[in-house]
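Chemist: Model the following, please.
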Amino acid sequence: MSWDPRGTNRSTPVNCFTSDAARDQFWAGTSIPFTKDASKAYQRKVTELARRCGQVSGDLLDHISTADTTRDLDALRGMVGDDLLTYVGLSYGTEIGQTYINLFPKRIRAMVLDGIVDPVLYTKNAETRVASQGAAFDAVFSTFLDLCESAGAGHCALAGHGETVAQRVARVIDTAKRSSIPAPHSDPPGALDYADFILGAYNPLRTRAEWAGFAADLNAAAEGDASKLEDAARPLRSPAGFAGATTSSAISCLDGSARKPSQSWPSVIPKFTESSTFYGPLLGWWLWAPCASNWPGQSNDRYAGPWGAVTKTPILLMNNRHDPATGYANAVAAEKRLGNAVLLTQDGYGHLTMNDPGQCVDQVRTRYLVSLVPPAKGTVCKADEPPFP
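Modeler: Reported below is the predicted structural model:
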């Protein structure tokens, strides 16, 4: 079974508007800003967003921290009649899992955490959280380019054009920054600017199976048609896309508030960009800016450590070595920090081992969940297919 954490989906979702029409009107024409004027306008908009969220969602915003959701999880465990919890947590679910370990260490039968969030950095403050979340993206993007180059023209569309793959992609990025690239086959037709390039790259790099298609889309943009990249960007800068980001920020703002106000964006956003050229500004505006804009929610019972509780059964940690969203360093740190944990490394690509599947990982996970037998320390699995087969 699963459940919707507080503030999401059917579990009394965070809502900042009285109607979908009002939401759509508020976000119409908005994208991630990369100019001074656009950044000023976005900062004003996100301040108004925080005010509206407080008006519409009210006291709900005080009670959707990860600790609140973790206590719900323990209540659900009791409601189904289980003395001990068996839990599989993915991505943000690993923050819930690590919180549960440290609040209820004696109530765990088995726990698998895949795509590890670093709870120390996540809960410290909004600035540290955003910087840590973007830290691995650029390195994985470089790995994507290198693997494409090595695969060659027969396997990766970006290769074999009289220039390196890195040069070809750099030219796409530079064109998007200076002006835009036509997207004639989008519906409606449009153009890809740099903000849309960042958004268009957000999801494909997270799933290894999409790498070859992403390379083909980048190559089409290099040849003057960025329609596929523009299509990938539009859902994320839609009103529904911004609403999803707002829900994430509403939860994380309680887990670790911002130290600086959103008016400090001229110094803060560049620091995020230093941590990740792509993810930094995107996550900064999506997740830091609301927390920094007089966010109306406050929590008196958030959990911020310690994080080293000892469990009877070892916790099984899993992470791709090349994960752009939850970097491998997070998993290494979690294995050292937790009192009883084993890290299974998948020598794979993308966010979560399930997005780069392999029989080795599946067998280890199944054996652990069924028989409570963890892998040996230092176990490394390989995915079944390379990124460019």
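
Chemist: Next, the spatially most central residue of the chain: phi, psi?
Modeler: Centre of the chain computed as the mean C-alpha position; nearest residue by C-alpha atoms, centre = their mean is Ala325, 4.9 Å away. Main-chain torsions, Ala325, degrees, to the nearest 10: phi -100, psi -40.

Chemist: Give me the neighbour count for the closest residue to it other than its chain neighbours.
Modeler: Counting by C-beta to C-beta, 6 or more residues apart in numbering, Ala325 lies nearest to His351, which is 4.2 Å off, once chain neighbours are set aside. C-betas here are computed from N, CA, C, even on glycine. Look at His351: counted by other C-beta atoms under 10 Å, it has 25 neighbours.

Chemist: mind checking how far His351 is from Ser39?
Modeler: Distance, His351 to Ser39, by C-beta to C-beta, to the nearest Å: 28 Å.

Chemist: quick one on the thing from earlier: show me what contacts the residue nearest to the centre of the chain?
Modeler: Neighbouring residues of Ala325 by C-beta atoms under 8 Å, 6 or more residues apart in numbering: 91, 115, 133, 136-137, 206, 351.

Chemist: Please repeat the previous calculation with a cut-off of 10 Å.
Modeler: Neighbour list for Ala325: 91-92, 115, 117, 133-134, 136-137, 140, 202, 205-206, 279, 283, 350-352 [criterion: C-beta atoms under 10 Å, 6 or more residues apart in numbering].

Chemist: Identify those among the residues you listed that sit within helices.
Modeler: The helices, defined by DSSP state H, take in 92, 133-134, 137, 140, 202, 279, 283 from these.

Chemist: Neighbour count for the residues you listed - can I get that in JSON lines?
Modeler: JSON lines is the format used below for those (neighbours: other C-beta atoms under 10 Å):
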{"residue": "Tyr92", "neighbour count": "19"}
{"residue": "Gln133", "neighbour count": "27"}
{"residue": "Gly134", "neighbour count": "26"}
{"residue": "Phe137", "neighbour count": "25"}
{"residue": "Val140", "neighbour count": "22"}
{"residue": "Tyr202", "neighbour count": "18"}
{"residue": "Tyr279", "neighbour count": "28"}
{"residue": "Leu283", "neighbour count": "27"}
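
Chemist: Out of those residues, which comes closest to Asp231?
Modeler: For these, the residue nearest Asp231 by C-beta to C-beta is Tyr202; the value is 13.0 Å.

Chemist: Which helix in this structure has the most residues?
Modeler: Longest helix in the chain, counting by DSSP H: helix 36-57.

Chemist: Now do that one: which elements does it pack against?
Modeler: helix 20-27, helix 239-255, helix 265-275, helix 289-291 (3 or more C-beta pairs under 10 Å, 6 or more residues apart in numbering; DSSP states H and E).

Chemist: quick one: buried residues of the longest one?
Modeler: Spelled out, that is helix 239-255. Residues 239, 241-243, 245-255 are the ones in helix 239-255 that count as buried (16 or more other C-beta atoms under 10 Å).

Chemist: now do stretch 260-272
Modeler: For stretch 260-272, burial by neighbour count (16+ other C-beta under 10 Å) applies to 262, 265, 268-269, 272.

Chemist: can you tell me which two in those residues are farthest apart?
Modeler: The two members of these with the most space between them (C-beta to C-beta) are Ser262 and Phe272, at 12.8 Å.
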